[in-house]
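Peer 1: A predicted structure for the sequence below; I have some questions about it.
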Amino acid sequence: MKWFYADQGQQKGPIEESALNDLVLAGVVRDDTLVWNEGMPTWQTHSSVRGAAPTSTPLSTNATDTRYCGECGRPFPGNALVAIGPVAVCAMCKPAYLQKLREGGTAVGTRRYAGFWIRAAARIVDAILLNVVFLIVRIPFGVAMFTPNVAQNPAAAMALLAPLLLITFLSIIAAACYEIFFIAKRGATLGKMIFGLKVIRTDGSPLSVGLSTGRYFAQLINSFTLGIGYFMAGWDDQKRALHDRICETRVIYSR
């Protein structure tokens with residue numbers, strides 16, 4: 001359902017109902033704000049159509065409970081953040097967040113989401129770095145395979161093949177551990193760091209090791225979608241790939 005609302009004497013919209021709910025929680029749409037949709041004969045106050053508007057409240061009353069601003073990603077005491085719809089924001093980000101809500105009904109705040117191509121470039125850099133390391137490890141075995149003594153001795157060649165297969169298997173495990181560790185502990189792999197990217201949760205907090213592991217394996221689903229899961233980052237409003245949607249993560253510019 002598409003909604004229109006009046007703000008400072010101007011008609012705003014259309015926006016989705018979920019966006020209208022965010023505006024209500026943000027205090028942009030109040031009880032006396034006029035609203036309208038195609039099923040209504042005339043404009044009416046919000047309270048008469050949808051009931052009294054709830055007010056935004058602190059996310060937590062505990063000053064020692066650390067939370068993260070959903071816009072800038074910085075840590076704050078829980079009682080210093082205000083929940084506006086699905087996002088908790090700090091006092092500095094709140095004005096910009098509300099302005100974004102007024103302009104389009106969807107607040108993306110101060111975050112800059114990283115799109116498909118910059119993320120693809122970061123992944124290529126990671127692949128190059130990992131393959132260089134793995135290649136260095138494989139070189140001695142590869143050279144040994146083509147020495148005269150081994151090339152003419154099938155038994156010796158088979159003896160070298162087993163370590164190569166083991167190294168390949170360990171390389172797959174190492175690649176997984178590399179991404180899981182760096183995303184959980186640093187928020188970014190080396191490739192992402194080079195391009196100034198960072199992986200966060202929806203509320204701006206860092207990923208746990210468990211969530212980082214789940215996100216890594218969720219990427220395997222993209223193989224069954226012919227890569228479409230990755231390309232989704234190109235047209236999603238928050239640049240989310242399929243695995244970001246599954247794990248509720250975002251990739252943003254950290255600088």
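Peer 2: Done, it's in.
Peer 1: need the longest helix for the protein.
Peer 2: The residue-count maximum for a helix in the chain (DSSP state H) belongs to helix 154-185.
Peer 1: name the helices or strands packed onto that helix?
Peer 2: In this structure, helix 154-185 makes packing contacts with helix 116-145, helix 148-151, helix 209-218, judged by 3 or more C-beta pairs under 8 Å, 6 or more residues apart in numbering; DSSP states H and E. From N, CA and C alone the C-beta is placed, and that goes for glycine too.
Peer 1: buried residues, the longest one. List them.
Peer 2: To tie it back to what came earlier, the one meant is helix 116-145. If you call a residue buried by 16 or more other C-beta atoms under 10 Å, then helix 116-145 has these buried ones: Phe116, Ile118, Arg119, Ala121, Ala122, Arg123, Val125, Asp126, Leu130, Phe134, Arg138, Ala144.
Peer 1: just checking, Ala91 is part of a strand?
Peer 2: No: counting by DSSP: H, G, I helix; E, B strand; the rest coil, Ala91 is not part of a strand but coil.
Peer 1: can you report phi and psi for it?
Peer 2: phi -60, psi -30 (degrees, to the nearest 10).
Peer 1: same thing with Ile200?
Peer 2: Backbone torsions of Ile200, given as degrees, to the nearest 10, read phi -130, psi 170.
Peer 1: same thing with Leu197?
Peer 2: Taking degrees, to the nearest 10 as the convention, Leu197 sits at phi -110, psi 160.
Peer 1: ok, Gly13 next?
Peer 2: Per-residue torsions, Gly13: phi 120, psi -180 (degrees, to the nearest 10).
Peer 1: how about stretch 24-39 as PDB, C-alpha atoms only?
Peer 2: Extracted in PDB, the C-alpha atoms of stretch 24-39 (Å, rounded to 0.1, in the frame of the first residue of the first chain):
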ATOM      1  CA  VAL A  24       6.000   7.500  12.700                       C
ATOM      2  CA  LEU A  25       8.700   6.200  15.100                       C
ATOM      3  CA  ALA A  26      11.000   9.000  14.100                       C
ATOM      4  CA  GLY A  27       8.400  11.600  15.000                       C
ATOM      5  CA  VAL A  28       8.200  12.900  11.400                       C
ATOM      6  CA  VAL A  29       4.600  11.700  11.100                       C
ATOM      7  CA  ARG A  30       2.700  12.600  14.300                       C
ATOM      8  CA  ASP A  31      -0.900  12.000  15.400                       C
ATOM      9  CA  ASP A  32      -2.100  15.200  13.800                       C
ATOM     10  CA  THR A  33      -0.200  14.700  10.500                       C
ATOM     11  CA  LEU A  34      -2.500  14.300   7.500                       C
ATOM     12  CA  VAL A  35      -2.100  11.100   5.600                       C
ATOM     13  CA  TRP A  36      -3.800   9.600   2.500                       C
ATOM     14  CA  ASN A  37      -3.800   6.500   0.300                       C
ATOM     15  CA  GLU A  38      -5.800   5.500  -2.700                       C
ATOM     16  CA  GLY A  39      -8.400   3.700  -0.600                       C
END
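Peer 1: next, the buried residues of that stretch.
Peer 2: Residues of stretch 24-39 classed as buried: Val24, Leu25, Ala26, Val28, Val29, Thr33, Leu34, Val35, Trp36, Asn37 (neighbour count, 16+ other C-beta under 10 Å).
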